[in-house]
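*Asks:* fold the following.
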Amino acid sequence: EQLNLFLHRKYSSNADDLHPGMRMLFNEAEEDDSVKKKEEIVEPQDVKPHTRKKPKRKPIPENIPRIEKRYELDEKELRCSIDGTQLVKIGEDTSEQLDIIPAKIQVIKHIRFKYACKTCEGQVKTASMEPQPIPKSLASPGLLAHIAVSKYEDSLPLYRQEQIFKRIGIDLPRSSLASWMIKASQLLSPIINKLKQELLAANYLQCDETPVQVLNEPGKPAKSTSYMWVVSKTDPGKHIVLYHYSPSRSGSVPVKLLRGFKGYLQTDGYEGYNQIRSQQDVYGVACLAHIRRKFVDAVNAKKKPSKAGICVTGLDYITKLYNIEKQVREMTSKERYYFRLEKSTPIIDELKEWLFDKVNYVPPQSLTGKAMTYFVKQWPRFINYLADGKIEVDNNRCERMVRPFTIGRKNWLFSASVSGAIASADLYSLIVTAKQNGLNTYDYLKKVLTEMPKLKANDIDQLMPYKKLD
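*Replies:* This is a model prediction of the structure:
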């Protein structure tokens, strides 16, 4: 089984995908029945030849500036070639093509005028400059926003950005860029604290974690593993994603991070969440996607579809539950709750009877046995998704929020310091949250970095990353 699974993961395009022959095992009775019905009603028909439609090009947005190039006939060509009559303009043909100008660099020169009294000595006043995100720094809000978006959304490491700046004649060492990101994140910390408060006030959250390496971490060798924790919530019109750096993956981290939270917490089966799930008023919710993956591995570990056996039945039940989730995707929470009670509950009852019976007859160390044992352990948390219509059947949404960080990690590989890792967590939180709420991330960060030095603590609400920009 281990060898077959290794070969499948190595050569398959997707580790969660099934062998081609395995797909035929699902709903064989239904498929055979539908085939028979089709065979009974098939009649000869004239089939029209298929013609492939050429895809239409999407129009270029109207807000992009246009530069017109006009083309006219020469004087010699403005005569009719038959009788020599002067030609007159009757219309025009237009076409458009995109052009791009490399990043434009400009210098903002702050000039502070000085004033003095003609009769008094020493009475000199200088006009004050508007507050800056990093005082006495070369970096404007626009430059800071550009560097942050390039690294945390476009996954462009600082050393590559340094090379890009050099190419256009600007010398900005990566040490300066890193220092600016840390200071910018410190300026934006009130917004992060506000996001955390709103997360803890919710009654349904998803949580996940992923490794990160920090080179200069006190008390740990450079090659040791730290973790980036991700917590997300989704309400209509208000998506919040919070990243949190920690040197540990222990159960004390989510307990501290989510202190004061009451409600449903959806995670994978990692036992580090047991500590917070055991707290009063916190109800764990399992992830069906993780359960499904173990059954998929068990199926792919079989050389022949006919030997996949019992694990295919488990996958068949899971597939039916996911088919119901497709139907409720656009429903309200209340509609989804009642639809699941009607459609999903009978399937879950059958699944429970089958699972708790068959798990006793499967070798526990086989992949099928491990998949079924895992499902049995997760069962009390698995059925909690039926308790509220807003709860998802799996933790995939939070896992998708982890992906921007993991893509960036492949490029910049590690954080040099703990302060850098904390800055990355805060800036990822703002950028990903703003993006999830449909904001232009550069415009948002530039606006926030411009306004934060001027604002009082009570005015932070207008700069939250789920607010529309003025």
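*Asks:* all contacts plus neighbour counts: C-alpha atoms, from now on.
*Replies:* Noted.
*Asks:* return the set of buried residues in stretch 160-177.
*Replies:* 161, 162, 163, 165, 172, 174, 177 (16 or more other CA atoms under 10 Å).
*Asks:* out of the residues you listed, flag the one nearest to residue 284.
*Replies:* residue 177 (41.1 Å; CA to CA).
*Asks:* with secondary structure and distance to residue 444 added, can I get the buried residues of stretch 160-177 in JSON lines?
*Replies:* Below are the buried residues of stretch 160-177 laid out as JSON lines (DSSP: H, G, I helix; E, B strand; the rest coil; distance: CA to CA, whole Å):
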{"residue": "161", "secondary structure": "helix", "distance to residue 444": "21"}
{"residue": "162", "secondary structure": "helix", "distance to residue 444": "23"}
{"residue": "163", "secondary structure": "helix", "distance to residue 444": "26"}
{"residue": "165", "secondary structure": "helix", "distance to residue 444": "23"}
{"residue": "172", "secondary structure": "coil", "distance to residue 444": "24"}
{"residue": "174", "secondary structure": "helix", "distance to residue 444": "24"}
{"residue": "177", "secondary structure": "helix", "distance to residue 444": "20"}
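*Asks:* can you name the two of the residues you listed that are farthest apart?
*Replies:* Within the buried residues of stretch 160-177, 163 and 177 form the most distant pair, 12.1 Å apart (CA to CA).
*Asks:* and the pLDDT at residue 380?
*Replies:* The score at residue 380 is 94. That number is its pLDDT.
*Asks:* could you do the one 4 residues further on as well?
*Replies:* We have a pLDDT of 94 for residue 384.
*Asks:* swap in residue 405?
*Replies:* Listed pLDDT for residue 405 reads 89.
*Asks:* from now on call the first residue 759
*Replies:* Yep, numbering from 759; the last one is residue 1163 now.
*Asks:* measure it to residue 944 for me?
*Replies:* For residue 1163, the distance to residue 944 (CA to CA, to the nearest Å) stands at 20 Å.
*Asks:* of those two, who's got more company?
*Replies:* residue 1163 (22 against 17; other CA atoms under 10 Å).
*Asks:* assign the more buried one to helix, strand or coil.
*Replies:* helix (DSSP: H, G, I helix; E, B strand; the rest coil).
*Asks:* and it, how far from residue 1015?
*Replies:* 19 Å.
*Asks:* go on, residue 897?
*Replies:* 33 Å.
*Asks:* and if you look at residue 1051?
*Replies:* For residue 1051, the distance to residue 1015 equals 28 Å [CA to CA].
*Asks:* could you do residue 1146 as well?
*Replies:* Distance, residue 1146 to residue 1015, by CA to CA: 24 Å.
*Asks:* next one: residue 1143
*Replies:* Distance of residue 1143 to residue 1015, computed by CA to CA: 23 Å.
*Asks:* of these two, which one has the most company?
*Replies:* Set residue 1143 next to residue 1015 and count neighbours by other CA under 10 Å: residue 1143 wins out with 22 against 15.
*Asks:* secondary structure class for that one?
*Replies:* Residue 1143 - assigned by three-state DSSP - is helix.
*Asks:* can you show me the strands along this structure?
*Replies:* With DSSP state E, the ranges of strands along the chain come out as 872-874, 882-884, 962-970, 972-974, 984-993, 996-1004, 1021-1024, 1040-1043, 1173-1175.
*Asks:* next, format the ones you listed as JSON lines and append mean pLDDT.
*Replies:* Shown next, in JSON lines, are the strands of the chain (pLDDT from 0 to 100):
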{"stretch": "strand 872-874", "mean pLDDT": "87"}
{"stretch": "strand 882-884", "mean pLDDT": "87"}
{"stretch": "strand 962-970", "mean pLDDT": "93"}
{"stretch": "strand 972-974", "mean pLDDT": "85"}
{"stretch": "strand 984-993", "mean pLDDT": "90"}
{"stretch": "strand 996-1004", "mean pLDDT": "93"}
{"stretch": "strand 1021-1024", "mean pLDDT": "94"}
{"stretch": "strand 1040-1043", "mean pLDDT": "94"}
{"stretch": "strand 1173-1175", "mean pLDDT": "85"}
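*Asks:* can you list the ones you listed in JSON lines and add distance to residue 1134?
*Replies:* Converted to JSON lines, these look like this (distance: least, CA to CA, whole Å):
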{"stretch": "strand 872-874", "distance to residue 1134": "77"}
{"stretch": "strand 882-884", "distance to residue 1134": "73"}
{"stretch": "strand 962-970", "distance to residue 1134": "21"}
{"stretch": "strand 972-974", "distance to residue 1134": "37"}
{"stretch": "strand 984-993", "distance to residue 1134": "26"}
{"stretch": "strand 996-1004", "distance to residue 1134": "31"}
{"stretch": "strand 1021-1024", "distance to residue 1134": "17"}
{"stretch": "strand 1040-1043", "distance to residue 1134": "14"}
{"stretch": "strand 1173-1175", "distance to residue 1134": "39"}
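*Asks:* spatially central residue in this structure, please.
*Replies:* Nearest to the mean C-alpha position of the chain, counting by CA atoms, centre = their mean, stands residue 1159 at 3.4 Å.
*Asks:* so what's that one up against?
*Replies:* Residues in contact with residue 1159 (CA atoms under 8 Å, 6 or more residues apart in numbering) are 988, 990, 999, 1190.
*Asks:* how about 10 Å then?
*Replies:* The contact partners of residue 1159, taken as CA atoms under 10 Å, 6 or more residues apart in numbering, are 965-966, 988-990, 999-1001, 1186-1187, 1190-1191, 1194.
*Asks:* by mean pLDDT, flag the weakest helix or strand of the chain.
*Replies:* Every helix and strand of the chain was ranked by mean pLDDT, DSSP states H and E. The lowest is helix 786-799, at a mean of 45.
*Asks:* per-residue confidence at residue 1124?
*Replies:* 86.
*Asks:* now do residue 1208
*Replies:* On the pLDDT scale, residue 1208 gets 92.
*Asks:* is it true that it touches residue 897?
*Replies:* No. Look at residue 1208 against residue 897 with CA atoms under 10 Å: they stay out of range, at 11.5 Å.
*Asks:* overlap in contacts, the two.
*Replies:* Common neighbours of residue 1208 and residue 897 (criterion: CA under 10 Å, 6+ apart): 890, 891, 903.
*Asks:* pop out the phi and psi values for the second one.
*Replies:* Yep, that's residue 891 we're talking about. phi -60, psi -40 (degrees, to the nearest 10).
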